[in-house]
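J.: Any chance you can model this:
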Amino acid sequence: MNKLNSNIDGIGWCFDNTYARLPEMMSTRLNPEPVKNPRLIIINQNLAKELSLNFSSIDEKYLDLLFSGNLLPQKSECIAQAYAGHQFGHFTMLGDGRAIIIGEHLSKNNKRFDIQFKGSGKTPYSRNADGRAALGPMLREYIISEAMHFLKIPTTRSLAVVTTGEKVIRETELQGAILTRVASSHIRVGTFQYIAARENKENLKTFIDYTINRHYPDIKNSENSAYELLKIVIKKQVELINEWMRVGFIHGVMNTDNMAISGETIDYGPCAFMDTYNPGTVFSSIDHQGRYAYCNQPGIAKWNLARFAETLLPFIHNNQDKAIEKAKEAINDFGNLYKKSSINMMKNKLGIFGEENQDESLINYFLTWMFQKKADFTNTFSSLIKDDLSKEKLFDDKNFIDWSKKWKERQNKNKTPNQSSINLMKENNPLVIPRNHKVEEVLDVATNKNDIKPIYDFLNVLKKPYENNLESEKYQKPPKPNDKIYKTYCGT
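T.: Numbers count the residues shown, from 1 in each chain. Next up is the predicted model:
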């Protein structure tokens, strides 16, 4: 595998590969498998600037080679990470089966990012799979991860997508592709599970310290840093799940190997956004029991965090019973933290400040009404910002009118001007989300007609999800009845 020489690699890469220095059991060193005829499809210039990278002076043929892994930057150091995971509740030893981290890049403000190729070929963890990815799912991750970023939700991001000039076989023959994913790290709950399952206490301690130094250095001098790590990861996940719930996002595959210690959303496989409000909404083709339904996401997060706590027990306390007691205390606090955060999130969506005894019942009544009316989740909340709702058929309803009077009375108790309530609602209720039928529309044109322009048009709107303009109107409409039955797939 060739490295980009100095007169080509003026991009600004600054690699400092700390994960590769960890014990050998944590990863396998290997380069991406070369592909036949790579071609750059889309590149995220805004993200490149945030990373202190500049691709503008590089000939596109070298970008084709770079983002396919056919050529690698100087000082890159490619690894596939090992990890484990509870997949739909069943424990399995796993790893990067079709992804390779080429290195850790430091931006000019000294922020560290994993640069990962997804779909880059077989690894020791591929488990008889081909290690490749199809164009549609890679473009889908690009769109949705960018949408999540602009919705102000912590997320991994996408830097580029290339086609490989090769076919991959799924249910049909599809164009092969590679996504370049950017993350603050790819450390997962499943990574800790992998080390714990190997029963190497020394390696586990090394990894706990590594994770704290990389993500939460403020707690490294704590008396009980492992316990503080558990608490801070719980807090991060409470915040993240509430953000998902705020915009109707359903991850679809909340296995422990898809829960990042950083608190970022990771792995956009069978994910989607809810249109009609229904807490039991499931989109994943493989989630037959609704384990990862919209309403179950908080509970699954708590379950995953309990698995994380189990891996830390030897370092929470040297007495196992006391360690379990402390871990239970932290995990059981998840419910209180989540409930408080959830109520505050919903109050923000309704433009309510402060606390009143009736707040929770006011919120629950409205959500029940939305469910009964089969109301669109995004549009209903954004409509509440309007001055006059009487012209909209949905709101010409006695139950809503009665609720609305109580809501307005509650808003009047705010110790802030009315405009503050409106501004709060505007900040928390997006007008545009990547609706499933619109995502599929642009993906169909890109994959079947080789036309990427609709994706760029869509992304331009998704960059301003809280702003109303003429370009956004066509993306705000709910799906028609024949578009409502929607299934998503993991892409492997």
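J.: Go ahead and name everything in contact with whatever helix or strand Met370 lives in.
T.: Mapping Met370 onto the secondary structure by DSSP states H and E places it in helix 359-373. Contact partners of helix 359-373, identified using Cβ atoms under 8 Å, 6 or more residues apart in numbering, comprise 277-279, 343, 346-347, 350, 352, 375, 377, 380, 394, 397, 399-400, 403, 406-407, 410. In this view, the C-beta of every residue, glycine as well, is placed from N, C-alpha and C.
J.: Mind checking which of these are buried?
T.: Buried members of these, counted by 16 or more other Cβ atoms under 10 Å: 277-278, 343, 346-347, 350, 352, 375, 377, 380, 400, 403, 407, 410.
J.: Out of these, which two sit at the greatest distance?
T.: Asn278 and Arg410 (25.6 Å; Cβ to Cβ).
J.: Tell me where the stretch 101-250 of the chain has strands.
T.: Secondary structure of the stretch 101-250 of the chain (DSSP state E, counting those that start in this stretch): strands at 112-118, 133-134, 157-169, 173-183, 249-250.
J.: The second one pairs with which strands?
T.: Applying DSSP bridges to the sheet, strand 133-134 is found paired with strand 173-183 (antiparallel).
J.: circling back to that earlier point, could you save the strands of the stretch 101-250 of the chain as TSV and add columns showing mean pLDDT and mean neighbour count?
T.: Output for the strands of the stretch 101-250 of the chain, formatted as TSV (pLDDT from 0 to 100; neighbours: other Cβ atoms under 10 Å):
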stretch	mean pLDDT	mean neighbour count
strand 112-118	98	22
strand 133-134	97	26
strand 157-169	97	21
strand 173-183	97	23
strand 249-250	98	24
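J.: Which of these sits closest to Glu202?
T.: Among those, the nearest to Glu202 by Cβ to Cβ is strand 112-118 (24.6 Å).
J.: In CSV, please show the C-alpha coordinates belonging to that closest one.
T.: Taking C-alpha atoms only, strand 112-118 is exported to CSV below (Å, rounded to 0.1, in the frame of the first residue of the first chain):
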residue,chain,number,x,y,z
ARG,A,112,-8.6,14.5,18.2
PHE,A,113,-10.6,12.6,15.6
ASP,A,114,-10.6,9.0,14.4
ILE,A,115,-10.6,8.9,10.6
GLN,A,116,-12.3,5.6,9.5
PHE,A,117,-13.0,4.0,6.2
LYS,A,118,-16.2,2.0,6.2
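J.: Report the angle between it and strand 173-183.
T.: Strand 112-118 runs at 170 degrees relative to strand 173-183, counting by axes from the mean of the first three to the mean of the last three Cα atoms, to 10 degrees.
J.: Quick one: list the elements packing against strand 112-118.
T.: strand 99-106, strand 173-183 (3 or more Cβ pairs under 8 Å, 6 or more residues apart in numbering; DSSP states H and E).
J.: And the residue lying closest to Lys413 once chain neighbours are set aside, how far from Lys408?
T.: Distance criterion Cβ to Cβ, 6 or more residues apart in numbering; nearest residue to Lys413, sequence neighbours excluded, is Glu356 at 6.3 Å. With distances taken as Cβ to Cβ, to the nearest Å, Glu356 is found 13 Å from Lys408.
J.: And those two? Which one has more around it.
T.: Counted by other Cβ atoms under 10 Å, Glu356 and Lys408 do not tie: Glu356 has more neighbours, with 14 against 10.
J.: I'd like the distance between Tyr456 and Ala446.
T.: Distance of Tyr456 to Ala446, given as Cβ to Cβ: 10 Å.
J.: Between those two, which is the more surrounded one?
T.: Ala446 (23 against 10).
J.: and the more buried one, helix, strand or coil?
T.: What DSSP: H, G, I helix; E, B strand; the rest coil gives for Ala446 is helix.
J.: ok, it - contacts?
T.: Counting by Cβ under 8 Å, 6+ apart, Ala446 has contacts 41, 135-136, 139, 452, 454-455.
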